[in-house]
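> The following comprises the amino acid sequence and a computationally predicted model.
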Amino acid sequence: MKRPVFVSISMAGKKKRKSCVIFLLCIFLFGLTSCMKDSGNRPYEPDGPAPDPHDGVFVYENSSMAFGGDGKKIVLSLKGDLCALFELAEGDYEGTYVFLSGDLPPLGSKPVRYDAAHELKIELADGYSGVFPVGLVSQDGKSVSVSTETVKEDRIPLVFEKDGKYIQIMFVKE
């Protein structure tokens, strides 16, 4: 009769070892995954070489954006109705710009080349910073289409929302 008791103790020992091995394996896997860098969503990267940065003056009515060709410098010249949309007074402003991917959870917007952009971020020397969606607005102003190649070498379509409707501001290269 003692033999079955001894066997059951031996079986309990095997279960303990198996549980311990599983526990240690779980700790190892948890440690391994916590050391890995979370890259989150990655922005779309079109095939082929990146286009040259914008260079020259892009106009909309009596306002303009002048790009230095270096992928960084911008001079924003605002007049009339665009002042309210940009929330700036009339005048010329120097600063920098970057095209962004749009919100990619969990890490947010990432810098991208302009032919893959969903946003344009402008930072001016006076501390102003604004992020503007880029896209094509429907004729009724109720929807916006954003896709790759929305921004082109000769156009930058900005989207603003006013009174529940979208407004298309198409800056075109002179």
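Happy to help now that I have it.

> Report the residue ranges of every domain in the protein.
1-35, 55-173 (automatic domain parsing).

> So for P43, which of those domains sits nearest?
Comparison of these against P43 by CB to CB identifies domain 55-173 as nearest, at 3.6 Å. Just so you know, the C-beta spots here come from the backbone N, C-alpha and C atoms, and that holds for glycine as well.

> follow-up on the earlier one: with respect to burial, which of the domains of the chain scores highest?
domain 55-173 (a mean of 16; mean count of other CB atoms under 10 Å).

> on that earlier part again, confidence-wise, which of the domains of the chain is weakest overall?
Looking at the domains of the chain, the lowest mean pLDDT belongs to domain 1-35 (a mean of 60).

> got a list of what K79 touches?
The contact partners of K79, taken as CB atoms under 8 Å, 6 or more residues apart in numbering, are E61, N62, S63, E90.

> which one is the residue nearest the centre of the chain nearest to, not counting chain neighbours?
Against the mean C-alpha coordinate of the chain, by CA atoms, centre = their mean, the closest residue is S109 at 2.3 Å. Leaving aside its sequence neighbours, S109 sits nearest to L100 (CB to CB, 6 or more residues apart in numbering; 3.9 Å).

> Provide a list of residues in contact with the closest residue to L104 other than its chain neighbours.
Here the nearest residue to L104 in space, its sequence neighbours aside, is N41; by CB to CB, 6+ apart that works out to 3.7 Å. Residues in contact with N41 (CB under 8 Å, 6+ apart) are L104, P105, L107.
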